[in-house]
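J.: sequence and computational prediction follow.
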Amino acid sequence: MAMIKLEGSKGCFVCDRTGTNARSLGVTLYWDEDSKRTVIPFTPKTDWCGYEGIVHGGIITALCDDVMAWSARQASGEWSVTANISVRFLRPVKSGESYTASGSASAVEGRKIRTEARITNEAGKICADAKAVFVAVKNKA
């Protein structure tokens, strides 16, 4: 597997590792060149939880959104924003356990990029899956 570490985005709630956003989850992003997927291995902290020991659905959605956003960037070569997102929560994501979020772009249609993501546990079971459409940001000229 050809895994390339991505820089992350300064100030991002999910992937800022510069310290610019003190509340960032601070996860590390990778690009898997072989499978054309963005990958985030993570172990949730207790302050990620909504219900005791269970990660908040908003955090799960944010992780899915981030792997899809980076996949959209890789597929289109441009930054994009989320136009719509749909997430299914299939199993609880628990603090202190290891998970992997992965995302890919399934189609580039002009400025629209269709994406999908999933979060899996150590046993490979899907805990959440998501689909989204991103729209490339127009360059200011």
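T.: Nice, thanks for sending it over.

J.: what segments of the protein are helices?
T.: 57-76 (DSSP state H).

J.: now the strands for it?
T.: 3-5, 30-32, 37-42, 49-51, 54-55, 80-89, 99-109, 112-121, 126-136 (DSSP state E).

J.: wait, residue 36 touches residue 102, no?
T.: No. With contacts counted by C-beta atoms under 8 Å, residue 36 stays clear of residue 102, the gap being 10.6 Å. Where you see a C-beta, it was placed from the backbone N, CA and C, and this is true even at glycine.

J.: higher neighbour count, these two?
T.: More crowded of residue 36 and residue 102, by other C-beta atoms under 10 Å: residue 102, with 21 against 12.

J.: identify the bridge partners of that one.
T.: residue 39, residue 118 (DSSP bridges).

J.: and for residue 31?
T.: Bridge pairing for residue 31 - DSSP bridges - gives residue 4, residue 38.

J.: model confidence for it, exactly?
T.: On pLDDT, residue 31 comes in at 96.

J.: state the distance from it to residue 15.
T.: 12 Å (C-beta to C-beta, to the nearest Å).

J.: what ranges in this protein fall below the confidence cut-off?
T.: 1, 139-141 (pLDDT under 70).

J.: if we can go back for a sec, what do residue 31 and residue 15 both touch?
T.: residue 6 (C-beta atoms under 8 Å, 6 or more residues apart in numbering).

J.: neighbour count: these two, which is higher?
T.: Each of residue 31 and residue 15 has its neighbours counted (other C-beta under 10 Å); residue 15 has more, 26 against 18.

J.: redo the strands of the chain as TSV? Include distance to residue 74.
T.: Converted to TSV, those look like this (distance: least, C-beta to C-beta, whole Å):
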stretch	distance to residue 74
strand 3-5	10
strand 30-32	6
strand 37-42	7
strand 49-51	31
strand 54-55	26
strand 80-89	11
strand 99-109	7
strand 112-121	10
strand 126-136	12
